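Peer 1: Build me a structure from this.
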Amino acid sequence: MSSPLNPARTVTHAGITYHVTRLYSSGLGSQYAATAKNAEGKEQTTFLTEEIVEKNPAHAPLFAACAKRFDDALTFAKYVGSSSFWQSQLPPDGITKKQND
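Peer 2: Okay, the predicted model is just below:
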């Protein structure tokens, strides 16, 4: 599920660390696959969509945490608001290198 273009991100909810991947499907809204180890040590993946959360409200806090983690506008705002962003002149992706003039 994870790829270099869509890396897994981590979310901690209720003391459990989930590795979350955002899934993309046309017209289906936000979708996430949250994987964590269960009590037996085996990985268990929970599929989260808006429809699933409506049917099972217990998943709503995890869905909200995943949505917040993947809010790239919020992530970008953190970098723009930091003083180091303007000093380094690097975009928040950290991939490109600063060019010397």
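
Peer 1: how about the helix or strand containing residue 67: buried residues?
Peer 2: Taking DSSP states H and E as the definition, residue 67 sits inside helix 60-69. Across helix 60-69, burial judged by 16 or more other CB atoms under 10 Å covers 62-63, 65-67, 69. In short, each C-beta sits where N, CA and C put it, glycine included.

Peer 1: Who are the packing partners of it?
Peer 2: Where contact means 3 or more CB pairs under 8 Å, 6 or more residues apart in numbering; DSSP states H and E, helix 60-69 is packed against strand 9-13, strand 16-23, strand 31-37, strand 43-49, helix 50-55.

Peer 1: For those, please prepare JSON lines with the additional fields mean neighbour count.
Peer 2: Output for the helices and strands packed on helix 60-69, formatted as JSON lines (neighbours: other CB atoms under 10 Å):
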{"stretch": "strand 9-13", "mean neighbour count": "15"}
{"stretch": "strand 16-23", "mean neighbour count": "18"}
{"stretch": "strand 31-37", "mean neighbour count": "19"}
{"stretch": "strand 43-49", "mean neighbour count": "15"}
{"stretch": "helix 50-55", "mean neighbour count": "12"}
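
Peer 1: Mean pLDDT for these - can I get that in TSV?
Peer 2: Shown next, in TSV, are the helices and strands packed on helix 60-69 (pLDDT from 0 to 100):
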stretch	mean pLDDT
strand 9-13	87
strand 16-23	89
strand 31-37	91
strand 43-49	92
helix 50-55	90
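
Peer 1: Check the separation of the first and last residues in stretch 33-43.
Peer 2: 12 Å (CA to CA, to the nearest Å).

Peer 1: go on, stretch 15-34?
Peer 2: Across stretch 15-34, first to last residue, CA to CA, it's 14 Å.

Peer 1: Mind listing residues that contact that stretch?
Peer 2: Applying CB atoms under 8 Å, 6 or more residues apart in numbering, the contact partners of stretch 15-34 are 1-2, 6, 8-12, 35-36, 45-51, 62-63, 66-67, 69-70.
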